[in-house]
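In: 3D, please:
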Amino acid sequence: MFEDILLELYRKFWTGKNNFINRDIAINVVSGNSSYLLIGPRRAGKSTLLYEICDLLVEKGLSKEDFIFINFEAPKLVNFKSENLDSILLTYNSIHPNKKPILLLDEIQHIDNWERYVRNLVDNQYRVFVTGSNSRMLNANSRSLRGARFIEKKVLPLNFECFLYFKGFTKRDVLIQPNAKIINLFREYLQYGGFPEVVLSNKKEDILTSYFELGVSDVLKTNSDFNELEIKLLLKKIRENIKSEVTINSYNSFFKSIDYKIDKNKVYNYFQVFEDNFLVLSLSQYRKSLRTRSFGKKMYFIDNGYVSLFDVKEDFGLKLENLIFLELYATGRKIYYYKNDLECDFVVCENDKVKECIQVTYELTDKDKSREVNGLLNAITDLNLNSGVILTYNQEQIIKQDKKTIYVKPVWKWLLGKK
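Out: Just a heads-up that it's a prediction; the model follows:
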């Protein structure tokens, strides 16, 4: 049924050329012989990454016809189902009977039972690269179905160093640039985020709006009871609350305050689907007892560009905090916020041990210096650390207090690892 369509897609890939800027991710995943599951938000560069993987392996001696590339969101595959998956290799083998292709399977989450299919491929010694835009592909059930056959890797919007590379700066260039030049570029990154197409475009807000609407559409598809107005109201409220601890009850109260009736369980389901689709991500409160770590949440957007879409009045402090969360999230380390009488924005853990505490503020002024410093001191004292970090837009100093050291750093320097 789909053989002619698949053959058309294969040949289009084999003869086509794509222009893109390489990312280090591709270099890291082509070494060795492993198969990969590449997960992240829409438009973060997953499809491009598959093209890069192909090109790098072609440079090592393979032919483009050694690859199968399928984007399961292609309009011609809208009715493609799990029972059609066997036609992928059958179609390829009809023209290359003696080749064992590398499979590049893009946005495969649209196909039911995809896990069993790709597990079978790897078991039969095929190398497979799979991408998807839903975090449920990383859950225990999905892992169980596909077995321990794939290395999992998140593909996220560009970090600041990659942003600068896309702007034409090498690592060495960055280190010798005058601070004013880097600060101006950082301001753009803070405002519009790191989606690759947005970084390279002059129509940033238009593209971000289209991405956001696509994300809302994805959420609507998951449940017939979902409502576009409710989704946008919730996302707008999340943006307002980025720096604040919230609960499902607090969002339910928000709807009551505007005379809008909504079930509490439905609000909870919205948040779950937002996270599943990489629109927003949650941060839990740090508690020394594992049993209580689920108490309290903060919510952050997957990219600063989405934060800016809701701007009525600029709030760079809010955007700085969202940005630091994303940088920490990308490292794969466990992160929390800390709160008792005072609050610290981020607690960073490795192997369940606290390694670092970070406070974020746009500017350390006389008015708020006591609050920010004391919040950080409270955390590092309780968590037995000798020092902590306050990240600002462009301030730098060292504060000694209560036998502790606080390093105040510009966010852009911290992002680049500059001392």
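In: I'd like the next helix or strand past the top helix by length along the chain.
Out: With DSSP state H applied, the helix covering the greatest number of residues in the chain is identified as helix 204-221. Towards the C-terminus, the helix or strand next in line after helix 204-221, according to DSSP states H and E, is helix 228-240.
In: what angle do helix 228-240 and the longest helix of the chain make with each other?
Out: Angle between the axes of helix 204-221 and helix 228-240 is 120 degrees (criterion: axes from the mean of the first three to the mean of the last three C-alpha atoms, to 10 degrees).
In: helices or strands up against helix 204-221?
Out: Using 3 or more C-beta pairs under 8 Å, 6 or more residues apart in numbering; DSSP states H and E as the contact criterion, the secondary-structure elements in contact with helix 204-221 are helix 179-192, helix 196-200, helix 228-240, helix 264-276, helix 304-309. C-beta coordinates here come from the backbone N, C-alpha and C atoms, glycine included.
In: and that helix, how far out from the chain middle?
Out: Here the centre of helix 204-221 is set off from its chain's centre by 15 Å, with C-alpha atoms, centre = their mean, to the nearest Å.
In: cool, and stretch 23-33?
Out: Averaged C-alpha coordinates place stretch 23-33 at 19 Å from its chain's average position (C-alpha atoms, centre = their mean).
In: in it, what counts as buried?
Out: Across stretch 23-33, burial judged by 16 or more other C-beta atoms under 10 Å covers R23, I25, A26, V29, V30.
In: how close does the residue sitting nearest the centre point of the chain get to L415?
Out: In the chain, the residue lying closest to the centroid (C-alpha atoms, centre = their mean) is L156, at 3.8 Å. Counting by C-beta to C-beta, to the nearest Å, the gap between L156 and L415 amounts to 14 Å.
In: could you do T331 as well?
Out: Spatial separation of T331 from L415 under the definition C-beta to C-beta is 12 Å.
In: looking at the helices and strands packed on helix 204-221, which is nearest to F254?
Out: Each of those was checked against F254 via C-beta to C-beta, and the shortest separation belongs to helix 228-240, namely 5.6 Å.
In: the closest one versus helix 264-276: what angle between them?
Out: In this structure, helix 228-240 runs at an angle of 70 degrees to helix 264-276, with the same axes, to 10 degrees as the basis.
In: which strand or helix spans L385?
Out: With DSSP H and E as criterion, L385 is part of no helix or strand.
In: what are the ranges of the helices in the stretch 51-200 of the chain?
Out: Counting by DSSP state H, counting those that start in this stretch, the segments of the stretch 51-200 of the chain that form helices are 87-93, 114-123, 140-146, 160-166, 171-176, 179-192, 196-200.
In: quick one: closest of the ones you listed to K298.
Out: Taking C-beta to C-beta, helix 179-192 is the member of the helices of the stretch 51-200 of the chain nearest to K298, at 18.8 Å.
In: show me what the closest one is packed up against.
Out: Contact partners of helix 179-192 among helices and strands, from 3+ C-beta pairs under 8 Å, 6+ apart: helix 160-166, helix 204-221, helix 304-309, helix 316-330, helix 411-416.
In: quickly compare the ones you listed and say which is most buried.
Out: Ranked by average neighbour count under the criterion mean count of other C-beta atoms under 10 Å, the helices and strands packed on helix 179-192 are headed by helix 304-309 at a mean of 22.
In: circling back to that earlier point, redo the helices and strands packed on helix 179-192 as JSON lines? Include mean pLDDT.
Out: What follows is the helices and strands packed on helix 179-192, written out as JSON lines (pLDDT from 0 to 100):
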{"stretch": "helix 160-166", "mean pLDDT": "93"}
{"stretch": "helix 204-221", "mean pLDDT": "96"}
{"stretch": "helix 304-309", "mean pLDDT": "96"}
{"stretch": "helix 316-330", "mean pLDDT": "96"}
{"stretch": "helix 411-416", "mean pLDDT": "92"}
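In: for S142, which of those helices is the nearest?
Out: helix 204-221 (17.7 Å).
In: kindly export that closest one (C-alpha atoms) in CSV.
Out: Extracted as CSV, the C-alpha positions of helix 204-221 are listed here (Å, rounded to 0.1, in the frame of the first residue of the first chain):
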residue,chain,number,x,y,z
LYS,A,204,11.9,35.8,15.1
GLU,A,205,8.5,36.6,16.7
ASP,A,206,6.6,35.3,13.7
ILE,A,207,8.4,32.0,13.8
LEU,A,208,8.1,31.7,17.6
THR,A,209,4.4,32.3,17.4
SER,A,210,4.0,29.5,14.8
TYR,A,211,6.0,27.1,17.0
PHE,A,212,3.9,28.0,20.0
GLU,A,213,0.6,27.5,18.1
LEU,A,214,2.0,24.1,16.9
GLY,A,215,2.6,23.2,20.5
VAL,A,216,-0.9,24.2,21.5
SER,A,217,-2.2,22.1,18.6
ASP,A,218,-0.2,19.1,19.9
VAL,A,219,-1.8,19.5,23.3
LEU,A,220,-5.3,19.7,21.9
LYS,A,221,-4.8,16.4,20.0
